[in-house]
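> quick one: sequence and predicted model below, then my questions.
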2 protein chains.
Amino acid sequence: MKSETLIEKGYRNLKKAIISGEFCPGQSLPQRRIAERFGITTITAREIFRKLEHDGLIEIEPKWGVKICDLDIAELEGRYIVREALEGMAARIVAKKINSQKAEELIKLASEVDKKFESDRINQVNLIKLHYDLHMKIAIESGCRKLVENIERLNLQYMFWHNTVKVDNSWHKKNRNWHTRLVKSIIEGDPDKAEAMMRKHVRVGFKLEMSEFNLTKTSSPSVIDGKLTEESR
Amino acid sequence: MKSETLIEKGYRNLKKAIISGEFCPGQSLPQRRIAERFGITTITAREIFRKLEHDGLIEIEPKWGVKICDLDIAELEGRYIVREALEGMAARIVAKKINSQKAEELIKLASEVDKKFESDRINQVNLIKLHYDLHMKIAIESGCRKLVENIERLNLQYMFWHNTVKVDNSWHKKNRNWHTRLVKSIIEGDPDKAEAMMRKHVRVGFKLEMSEFNLTKTSSPSVIDGKLTEESR
DNA sequence: TTAGTTTATCTGGTATACCAGATATATTAT
DNA sequence: ATAATATATCTGGTATACCAGATAAACTAA
């Protein structure tokens, strides 16, 4: 049981705060302010920033500072393209090595997700977490650590984006049992089909999110340019 | 013309040193020693380490220190799987938007690579650089920044690995005009075929490297466990 | 009043110093 | 000689302090 370093602890906390949507996209994160808030010093904050940059949640510009990622359409699409490639590959690998027990676990999780999407329009947090769990379980079953790491990053970025920009997921209702169908195609054991299905899943998700995005983005801009001028708390 | 920060400069230099094979896989990089060598302080060295960790060239273990990545077969295969997925996706996108001018540039570069592989068995550095340029040009033509970033990282990791573990590329002779054929399949404009070809290119490359790896790895182990005990310079 | 200039106050970047833990070395007791 | 203990010396982690540049505020001169 080794003690956690200040960097790791602060990283956990700030990461959670960012993903949960506490900061606006584009918002500036002065190192002294962050240090003060978490009871650490600037040097510790700087190392935390480096880790969050790796996660694709903030951007560090030398001689300028740190700001929460503010994704334009092109950037967001780029991340979805990477996600499509990697999650597709994960689905392919899982399809090749699936067994009946894992298949059952996946089906169970997928049906939970689909059920939540139909019933629960209030508690978005639980739903998003469950959806994240499903995608991560598929990734993990691939057995490829690098795939898991990358896919986790991309899904956390999605959660962050979802918590800062969008709020509505009603378009899911048009795709009943979407995730169950996805998982079924994986556990059938045909790698090509599994990969194609996962790719489609990611791609269609992006397009639907986009149409949603265009609506909410214009009605309530949450972007702040330049440095923060007033207190954030 | 803005001045470069010490972190950026040191990052460039240390990155180049690592990729060029100056350090052994598994070798420890004490922050004070690195700081002394580059004429910086430990705090600057630590930030450089964070960036190199992001590049997949070193590993930072809290409370322990930094060491050059020492990839076992499973880890190496994982990176190749990611590379296969991403470069395959890049080839797909390029195939969809290729024009005659870009096609000509790609063919020219590919033929240079193939020619080098046949003729030049002395100057490996130039060859590897040219091979890197080809893969990067394909990635860049995809127009997707995230793909470019990830593919660049993976190819630099490959160069690092190549410069530290392997030395011989003679197996390329068995695949005459390999890269030219790859590029041709891309510029034909069939996305499915382009992606399949690029995937095969990466996958076969990995397997051939592996058989080579097994030979050289056993005959000359270059791994150092634990901390560095004697001077490195 | 307004334009120009100085001054105060932010920001990130970085050197110094010190702490705590781990490891190796020396020393002492048996 | 060997085992146990103490000590010196590594290591990474982190707080403090200060510098330089950029920006904003205030003041002065027209």
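Okay, I see it.
> shaky segments in chain A?
A:1-2, A:120-123, A:166-174, A:212-233 (pLDDT under 70).
> how many neighbouring residues does the residue of it found nearest DNA strand C have?
Going by Cβ to the nearest atom of the strand, DNA strand C is nearest to residue A:65 of chain A, at 3.2 Å. The C-beta positions use only the backbone N, C-alpha and C, and glycine is treated the same way. The number of residues packed near residue A:65 is 15, by other Cβ atoms under 10 Å in any protein chain shown.
> all the helices of chain A, residue numbers only.
Remark: helices assigned in chain A by DSSP state H are A:6-19, A:31-38, A:42-54, A:73-97, A:100-119, A:124-141, A:145-164, A:178-187, A:191-219.
> which positions in chain A make contact with DNA strand C?
A:2, A:28-33, A:42-43, A:46, A:62-66, A:227 (Cβ under 7 Å from any atom of the strand).
> filter those down to just the buried residues.
Buried members of those, counted by 16 or more other Cβ atoms under 10 Å in any protein chain shown: A:28, A:29, A:31, A:33, A:46, A:66.
> farthest-separated two in these?
Pairwise distances across these (Cβ to Cβ) peak at 14.7 Å, for the pair A:28 and A:46.
> chain A - how does it break down into domains?
Domain assignment for chain A, taken from automatic domain parsing, gives A:6-68, A:73-219.
> is the shortest one positioned near DNA strand D?
Yes: judged by Cβ under 7 Å from any atom of the strand, domain A:6-68 and DNA strand D are in contact via A:6, A:7, A:40, A:41, A:42, A:43, A:44, A:63.
> state the distance from the third one to residue B:60.
In this case it means residue A:40. In this view, residue A:40 and residue B:60 are 18 Å apart by Cβ to Cβ, to the nearest Å.
> could you do the first one as well?
Distance of residue A:6 to residue B:60, given as Cβ to Cβ: 15 Å.
> for the residue of chain A closest to DNA strand C, which non-adjacent residue is spatially closest?
residue A:28 (6.0 Å; Cβ to Cβ, 6 or more residues apart in numbering or on different chains).
> show me the beta-bridge partners of the one you found.
residue A:67 (DSSP bridges).
> so it makes contact with residue A:61?
No: between residue A:28 and residue A:61 there is no contact, the gap being 10.3 Å when judged by Cβ atoms under 8 Å.
> so residue A:97 touches residue A:143, yeah?
Yes: if you go by Cβ under 8 Å, residue A:97 and residue A:143 touch, sitting 7.5 Å apart.
> so what's residue A:77 up against?
By Cβ atoms under 8 Å, 6 or more residues apart in numbering or on different chains, the contact set of residue A:77 is A:206, B:144.
> near chain B, which residues of chain A show up?
Within chain A, the residues that sit near chain B (Cβ under 8 Å from any Cβ of the partner chain) are A:2, A:5, A:7-8, A:43, A:46-47, A:50-51, A:53-54, A:62-63, A:74-75, A:77-79, A:81-82, A:84-86, A:88-89, A:93, A:144-147, A:150.
> among those, which ones are buried?
Among the residues of chain A next to chain B, those buried by neighbour count (16+ other Cβ under 10 Å) are A:7, A:46-47, A:50-51, A:53, A:77-79, A:81-82, A:84-86, A:88-89, A:93, A:144, A:146-147, A:150.
> who's in contact with residue A:143?
Residues counted as contacts of residue A:143 (Cβ under 8 Å, 6+ apart) are A:93, A:97.
> distance check, it against residue B:78.
9 Å.
> and if you look at residue A:188?
Per Cβ to Cβ, residue A:188 is found 25 Å from residue B:78.
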